[in-house]
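*Asks:* Provide a 3D model corresponding to the input given below.
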Amino acid sequence: MGQLDKKSMLCPGCRKLISSDETSCPFCGLANPGSPIRQGLSRLSLRDSDSIIQFIIYANAAIFILALVLKPSEMGMSLNPFTLLSPSSTSLLLLGATGTIPIDYYHRWWTILTASWLHGGILHIAFNMMALHQLGPFVAQEYGTARFLVIYLFSGVAGFVLSYFVGIPFTLGASASVCGLIGAILYYGKSRGGYFGTAIYRQAMGWIIGLILFGLLLPGINNWAHGGGIAAGIAAGFALGYEERRRESMPHRIAAAFLALATAGAVLFTAVQAVLIRFS
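*Replies:* Sure thing, here's the model as predicted:
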């Protein structure tokens, strides 16, 4: 009867059914699989991907509204669609825009984490969030939710680090993170091969060519951040692997949790600081 009384659980590492009191997983060797920390990290699984993507979209929308409340720009109600409902540069600076001005003059180095959550206008956020809504589920399905988060967050940071080193003075937006998803999709298609992989690869190349043309034709586009995001997405896809080649593991979940907590801390700190400065 002792065996029947044991509580069963899925191992956070290999997702196989084991007893919760095992000192290590008999299948993958993970130590203390039943610990609360490991169980918490294991919740970053594929079934949560839709809610996580929706949370990212809602968080971007909430920060955009906060930026407008803090101080809308003088062109905020302009009939020009590209300046309609635009937060002011002061508001965006307070909320964590990045570049050489925020980092070198104001020593706000953490803005490489926060800038991906800011947008300069209603069309800016609409385009980026629609792209995330379309690309995110595919990346989460093929890589797993934890690896999706790593790719998305890491690519945003990498894109803004690159644009900082080439001297971009003031920049923001989720485009670098979205470009990271495109880079990961590009790597997946090329690596997988076959009819399906080749079709995915060609589709991703089409998006990249469109981004290049878009960046060349329209002023104010941070092409360095786009390029850095794509390169980071390819590198992350190669380093992390995807579900068909390598199952999502505890190190992937730890990396996702670390990046998510660091980003959330930076965003919350900057938002609180901005509100205190603006209304004090």
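
*Asks:* where are the low-confidence patches of this protein?
*Replies:* 1-6, 12-15, 37-47, 73-84 (pLDDT under 70).

*Asks:* residue contacts, Leu95?
*Replies:* Leu95 sits next to Ile63, Leu66, Ala67, Leu70, Pro87, Thr114, Leu118, Thr270, Ala271, Ala274 when contact means CB atoms under 8 Å, 6 or more residues apart in numbering. (C-beta placed from N, C-alpha, C; glycine too.)

*Asks:* As a markdown table, those with secondary structure and distance to Gly96 would be great.
*Replies:* Listed next are the contacts of Leu95 as a markdown table, based on DSSP: H, G, I helix; E, B strand; the rest coil; distance: CB to CB, whole Å:
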| residue | secondary structure | distance to Gly96 |
| --- | --- | --- |
| Ile63 | helix | 9 |
| Leu66 | helix | 11 |
| Ala67 | helix | 10 |
| Leu70 | helix | 12 |
| Pro87 | strand | 12 |
| Thr114 | helix | 3 |
| Leu118 | coil | 6 |
| Thr270 | helix | 4 |
| Ala271 | helix | 8 |
| Ala274 | helix | 8 |
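
*Asks:* Filter these down to the buried ones.
*Replies:* Buried members of those, scored by 16 or more other CB atoms under 10 Å, are Ile63, Leu66, Ala67, Leu70, Pro87, Thr114, Leu118, Thr270, Ala271, Ala274.

*Asks:* From Glu22, how far off is the fifth one?
*Replies:* The reference is to Pro87. Pro87 sits 52 Å away from Glu22, going by CB to CB, to the nearest Å.

*Asks:* How about the last one?
*Replies:* The gap separating Ala274 from Glu22 is 47 Å, by CB to CB.

*Asks:* Repeat that for the third one.
*Replies:* As for Ala67, its distance to Glu22 is 49 Å (criterion: CB to CB).

*Asks:* any idea where the helices of the protein begin and end?
*Replies:* Under the criterion DSSP state H, the chain contains helices at 2-5, 36-42, 49-70, 89-95, 100, 111-114, 122-143, 145-165, 175-192, 194-217, 223-240, 250-279.
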